[in-house]
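Engineer: Return a 3D structure for these sequence lines:
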Amino acid sequence: MSAETENGNRCGVVLTRVDAAPGTAPHVHPDIDGFWTSLREGQLSLQRCGDCATLRFPIATHCYQCLSGDYEWESIDPHGTVEVAIEAHRAVSELPASGVSLPDPWRAMTPYLTGAVDMAAGVRLPGRIICRCGAALTPGTEVIAVLLPAENGATLFGFAHDCQWKEN
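Structural biologist: Numbering: from 1, shown residues only. Okay, the predicted model is just below:
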């Protein structure tokens with residue numbers, strides 16, 4: 001297992017950092033550290049199975065197709081289309097049935113979009129979607145993977161619609 005591709009780099013597009021409210025810091029397990037390392041380096045990388053070549057998500061220690069434990073981290077194309085998106089309009093202070101509440105920082109971030117994006121690389125990824133115009137609520141809308149801040153200075157990935165870079 002290696003965090004680099006055969007040619008010694010992550011060969012891919014460097015993602016744009018977007019100024020947004022910080023999300024929750026990730027809990028990084030050693031088995032998936034390569035994913036978080038690639039984000040810190042500005043790229044979105046997934047595991048490519050060394051035996052059957054499956055690009056896999058969710059990230060795991062073994063391939064779900066052939067059960068091989070051999071893989072490389074591979075930077076993927078950041079372009080995708082929205083499969084489904086929802087807008088959280090307000091944070092519930094306490095859910096009636098369970099007593100559980102939406103944790104910070106999400107409570108203060110409402111309204112926000114989240115959803116699933118079909119990536120050009122052939123995998124579907126979940127994530128926060130940055131969109132001021134509302135177009136990203138429509139399935140099929142093009143978005144691009146971006147880097148988002150997290151608590152404690154960590155880096156997360158999310159997606160942005162092109163309205164993010166247009167003037168109001």
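
Engineer: Any idea how many residues pack against His79?
Structural biologist: When neighbours are counted by other Cβ atoms under 10 Å, His79 registers 15. For the C-beta atoms, the positions are set from N, CA and C on the backbone; glycine is no exception.

Engineer: Run through the strands of this protein in chain order.
Structural biologist: For the chain, the strands defined by DSSP state E cover 45-49, 55-56, 71-75, 79-88, 112-119, 124-130, 142-149, 155-160.

Engineer: in its sheet, what does the last one sit against?
Structural biologist: According to DSSP bridges, the neighbouring strands of strand 155-160, each with its direction, are strand 124-130 (parallel), strand 142-149 (antiparallel).

Engineer: where does the protein have low pLDDT?
Structural biologist: 1-11, 90-103, 167-168 (pLDDT under 70).

Engineer: Among the strands paired with strand 155-160, which comes closest to Ser38?
Structural biologist: The closest of these to Ser38 is strand 142-149. By Cβ to Cβ, the value is 10.6 Å.

Engineer: Pull out the buried positions in the closest one.
Structural biologist: Within strand 142-149, the residues that count as buried by 16 or more other Cβ atoms under 10 Å are Val143, Ile144, Ala145, Val146, Leu147, Leu148, Pro149.

Engineer: can I get the strands paired with strand 155-160 in TSV with distance to Pro78?
Structural biologist: Listed next are the strands paired with strand 155-160 as TSV, based on distance: least, Cβ to Cβ, whole Å:
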stretch	distance to Pro78
strand 124-130	10
strand 142-149	4
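
Engineer: Of those, which is nearest Trp36?
Structural biologist: strand 142-149 (11.6 Å).

Engineer: which residues are contacting that closest one?
Structural biologist: Applying Cβ atoms under 8 Å, 6 or more residues apart in numbering, the external contacts of strand 142-149 come out as 15-20, 22-23, 39, 42, 44, 78-82, 117, 119, 125, 127-131, 136, 155-162, 164.

Engineer: now stretch 108-123
Structural biologist: Under Cβ under 8 Å, 6+ apart, the answer for stretch 108-123 is 21, 23, 46, 55-57, 76-91, 106, 124-131, 136-137, 143, 145, 159.
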